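Q: next come a sequence and a model predicted from it.
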Amino acid sequence: VAEEWLPGIASGAAVVSLTLEGYGPYAPDADAADAVFTVTGGELRLAPGPGELSASADPARRLFRPEPGGAPVAKGPAIRAAARAAGDWAAFATAALALGCGEELLRATVAYVKQRTQFGVPVGSFQAVKHRLADTLLGLEFARPLLYGAAVELASGCSGTGEAGAGPAAEAPGTGAGAAVAAAVAAAKVSAGEAGYAAARAALQLHGAIGYTEELDLAWWLRRARPLRDAWGTPSACRARVLAG
């Protein structure tokens, strides 16, 4: 099975989805994937099918629970190391999405408070509104260098020397560069996720009643911020990884 799928995955000819133990039971966009793999207890399996579509707060996130069982592909320490590396990359990409989501929410909110008037003046001129937006901006700006730092750690892990497959990203958690990568990614994920969600809450409050409607594009971003905060590592799980690292 591995010989059948690996060349296509490596070349990009085959698109696959994956679930990892410790990161939730969902395989994103499994219905559009050529195959769905699951990793449980150091064993990689080819799922029989994508399973049923699960509800999500973000309609753009199509989450499936793969059907149980399936053909075993491989197992052992190498699978555990590969799964950890895949989890780091997924968490990093989700952190980047969360930061971008927060930035768009802030941009839309700043534009709105400049237009919305109260007592004959833009509501953006009120000190309380300015403070709320400043706090939102600070949260996003503090998350950005952590995201850049995680990118550096991931790049260093991919360029490690030694035997094939034995680079820093493949090391066991809590040891060497593997712990540094996991901690850096977790720090970026929790910071970007919390900052993006805080931006969503500020945007909803400062838009007033219209923020609760789906008449604005804002609704799409609001519904994305909370799932991104928890996807591929909840805040509590990420904090635990930072402490372990």
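A: Received the coordinates, thanks. Nothing here was measured: the structure is a model prediction, and the numbers come from that model.

Q: need the contact list for residue 226.
A: Counting by Cβ atoms under 8 Å, 6 or more residues apart in numbering, residue 226 touches 57, 197, 200. All C-beta spots, glycine's among them, are computed from the backbone N, C-alpha and C.

Q: what mean pLDDT does stretch 195-205 get?
A: Taken as a whole, stretch 195-205 has a mean pLDDT of 96.

Q: show me what counts as buried in it.
A: For stretch 195-205, burial by neighbour count (16 or more other Cβ atoms under 10 Å) applies to 195, 196, 197, 198, 199, 200, 202, 203, 204.

Q: quick one: that stretch to chain centroid distance?
A: How far stretch 195-205 lies from its chain's middle: 17 Å, per Cα atoms, centre = their mean, to the nearest Å.

Q: for the helix or strand of the chain with the lowest mean pLDDT, name the packing helices and strands.
A: Between all helices and strands in the chain, the lowest mean by mean pLDDT, DSSP states H and E belongs to helix 2-11, at a mean of 84. Judged by 3 or more Cβ pairs under 8 Å, 6 or more residues apart in numbering; DSSP states H and E, helix 2-11 is in contact with strand 71-75.

Q: pLDDT below threshold where in this protein?
A: Per-residue confidence for the chain (pLDDT under 70) gives these ranges: 1, 158-177.

Q: what segments of it are helices?
A: 2-11, 77-115, 127-158, 176-207, 218-230, 235-244 (DSSP state H).

Q: buried deepest among the ones you listed, which one?
A: Sort the helices of the chain by mean neighbour count, taking mean count of other Cβ atoms under 10 Å, and helix 176-207 sits at the top with a mean of 24.

Q: so what angle separates the directions of that one and helix 127-158?
A: Helix 176-207 and helix 127-158 are oriented at 160 degrees to each other (axes from the mean of the first three to the mean of the last three Cα atoms, to 10 degrees).
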